[in-house]
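model this:
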Amino acid sequence: MITRIWLTFKQHRFETIAILIVCLGLTGATLIEAYRLNSLNVPLSCLAAALGGGGPFAGGMTAPADAHCLSLANSFSSIQGSVDMNLVRLLLLLVPLLAGIVFGAPLVAREIEQGTAPLSWSLSGSRRRWLLGKVLAGVVLLVPLMLAVGLAAEVLEGALDPGVDTHAAFQNYLSRGFIDVFWVLAAFAGTFALSTLLGRTMPAVILALIVCFFVRVAWEPGMARIVLRPMAVEQTQSSQFGFYYGGGPGIAVAPIGPTPSIEPTPSVEPTPSVETPSIEPTPSSEPGGSSDKSAAYTPYWVQTDLYSYTQVFLNGKPFYGDPWSLPGYQMQFDANGNPIQPDPSTMPNWVEYAVPGSQYWPVVALESGFLLLGSLIFGAVALVWVDRRRPY
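Okay, here's the model as predicted:
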């Protein structure tokens, strides 16, 4: 088997060398970017005040120390938004998928295209043993490299978010740490399965790129809306917002979008403590209510340490529909042009549920398990199909 692994590296020396150079280069570049940020030694209070919009800079600079602090914070922000930093972060997202595709696509198809497959199969004694040796060569190459890339990405994330526990924060968690290993295994297994089915390298590359693109784009919102929702717990109003630097539960920045056909789970049922003092339950009907449940949960990506979901209640009951169409949100005026205070019964109550940072490792383990399961399924398909594969 060791001979087969070594022979595979020799047969795919170009792909092997290219992946080695890219992964090691990316690891070095990531650590350099982290060093650039850490070498500034910006006090956490400077970042929270200057970039968070509060603290001593709220009323302008009042002392030379403030000017120096602001200068450090601006330098930190400049490095964060630089072209090389953005390029490194983009590569950290793409390299696990591209490495799996580049090594997996020619794994079977190249020998079929070159007409050497029948000889290799006969010398190996078993097509499955032949494929298994090639697959092990890919695993031996890709796993250590992706582990190095993932750990370097962890270091960079710690430098980008000083004061935040990166192992209790979901910021960029899908492109750093141990999960990179499972991304590359899933891309590799899916691509060599396509290579086995199609018997052609370029079609396998193109199809793998398309599949990986859609899976990667849909993965995060799909997991947040469906799989991780039972982990959410109710959040108090004060815990929904906080400075980006230095901990705090995070800043909700943008909605991912509506989630049709997803029913509220028992773990997020409203309780009397959920209602705010300004809204008293009344026996009146729910104005504007509908059977459309797309607005029941609006997931938000929270930057520092949790997935969060907002559920809308009206008069103590879940409201389904567009909450912004309720009369309470429509500005009305009296005959003198003065605004009329809305009826509290027409104002919805927004309740925040979130996956806390303490669930970081369970979430990573769960998603890694899904990726590993997909890898095993694709590998099984390839091992079954290789016995039926025609040598042309």
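
Distance check, Gln114 against Glu15.
15 Å (CB to CB, to the nearest Å). From N, CA and C alone the C-beta is placed, and that goes for glycine too.

actually Ala218, not the one I typed
Applying CB to CB, the value for Ala218 to Glu15 is 28 Å.

Compare these two (neighbour count), which wins?
Glu15 (20 against 10; other CB atoms under 10 Å).

Now do the host helix or strand of that one, average pLDDT.
Take DSSP states H and E as the rule and Glu15 turns out to sit in helix 13-38. Averaged over helix 13-38, pLDDT sits at 96.

so how far is that helix off the chain centroid?
Helix 13-38 has its C-alpha centroid displaced from the chain centroid by 21 Å (CA atoms, centre = their mean, to the nearest Å).

What helices and strands are in contact with it?
When contacts are defined as 3 or more CB pairs under 8 Å, 6 or more residues apart in numbering; DSSP states H and E, helix 13-38 sits against helix 64-80, helix 83-104, helix 127-160.

Sketch out the low-pLDDT regions of the stretch 101-250 of the chain for me.
The stretch 101-250 of the chain contains residues with pLDDT under 70 at 235-250.

And stretch 138-151, what's buried?
138-139, 141-143, 145-151 (16 or more other CB atoms under 10 Å).

Now do the same contact list for Leu26.
By CB atoms under 8 Å, 6 or more residues apart in numbering, the residues touching Leu26 are 88, 91-92, 95, 149, 152.

where's it relative to Glu352, distance?
Separation of Leu26 from Glu352 (CB to CB): 37 Å.

what do you get for Asn41?
For Asn41 relative to Glu352 (CB to CB), the value is 35 Å.

who's more crowded, the two?
Each of Asn41 and Glu352 has its neighbours counted (other CB under 10 Å); Glu352 has more, 23 against 9.

quick one, helices of the stretch 101-250 of the chain?
Ranges of helices in the stretch 101-250 of the chain, per DSSP state H, counting those that start in this stretch, are 106-114, 117-124, 127-160, 179-198, 201-222.

and the angle for the helix holding Glu15 with helix 64-80?
170 degrees (axes from the mean of the first three to the mean of the last three CA atoms, to 10 degrees).

before we move on, the earlier item: for Trp385, state which of the contacts of Leu26 is nearest.
The nearest member of those to Trp385, counting by CB to CB, is Val95 at 28.0 Å.

Having no further points to raise, I will conclude here.
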